[in-house]
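1. Prediction below, plus the sequence it came from.
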Amino acid sequence: MTTVISRTIRSVPFRSARETWQCIVDILTASGGSAHRDELKSVMGIAAAIITDKSPNQAPIVVLGGGPRVRIYCVYDESALEVDSHNEAPLSFGVLEGSWTVSLPCRTDDLAWVTEALQRKTPRVTAREETEGIEVPVAKVQASTFELNVGEFMKP
């Protein structure tokens, strides 16, 4: 089973930063969820500013929710104009099911205002420094739930 799915979106100059965010919203909401679409559209201006700064070029937009983690990168300049530089296929599963979040990479200088602006719109979309990764809580497993039968394990 794949645990990470990646998409690469053609951005400036192929499409504007706002059109790039709209493309990302369309990919994430392809399996339904108009309320989620509206929530993501509510941060369009902020997301477009981040896309304009080219932060999603090296650091992905990360979506955690139903199913595998989704990483979304943007390509710019000449790379955005190349026909084979992207994968903008819709997701075949509902990534925005249950408790989902979107983490936007952001330049250090802009992190404070971006974080504040996002908090006013929705708690599900957050910002992080573009050099930082994403922490994902790991479920704790009780020691009593797993037993190794060494005899069975060693059988040829």
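-> Yep, it's here.
2. burial of residue 38, as a residue count?
-> Number of residues near residue 38 (other Cβ atoms under 10 Å) recorded here: 12. From N, CA and C alone the C-beta is placed, and that goes for glycine too.
3. Give me the local confidence score for the closest residue to residue 72 other than its chain neighbours.
-> Distance criterion Cβ to Cβ, 6 or more residues apart in numbering; nearest residue to residue 72, sequence neighbours excluded, is residue 61 at 4.2 Å. pLDDT recorded at residue 61 is 96.
4. do residue 123 as well
-> Looking at residue 123, its pLDDT reads 95.
5. Let's verify it: helix, strand, or coil?
-> Look at residue 123: counting by DSSP: H, G, I helix; E, B strand; the rest coil, its state is coil.
6. now the one 5 residues further on
-> Residue 128 falls in the strand class when you classify it by three-state DSSP.
7. go on, residue 74?
-> Using three-state DSSP, the structure places residue 74 in strand.
8. and residue 70, that one's in a strand?
-> Yes. The assignment for residue 70 by three-state DSSP puts it in a strand.
9. Ignoring the adjacent residues along the chain, who's closest to it?
-> Closest to residue 70 by Cβ to Cβ, 6+ apart is residue 63, at 4.1 Å.
10. and the one you found, what are its phi and psi?
-> As for residue 63, its main-chain torsions (degrees, to the nearest 10) stand at phi -120, psi 120.
11. who does it bridge with?
-> Beta-bridge pairing for residue 63 (DSSP bridges): residue 70, residue 102.
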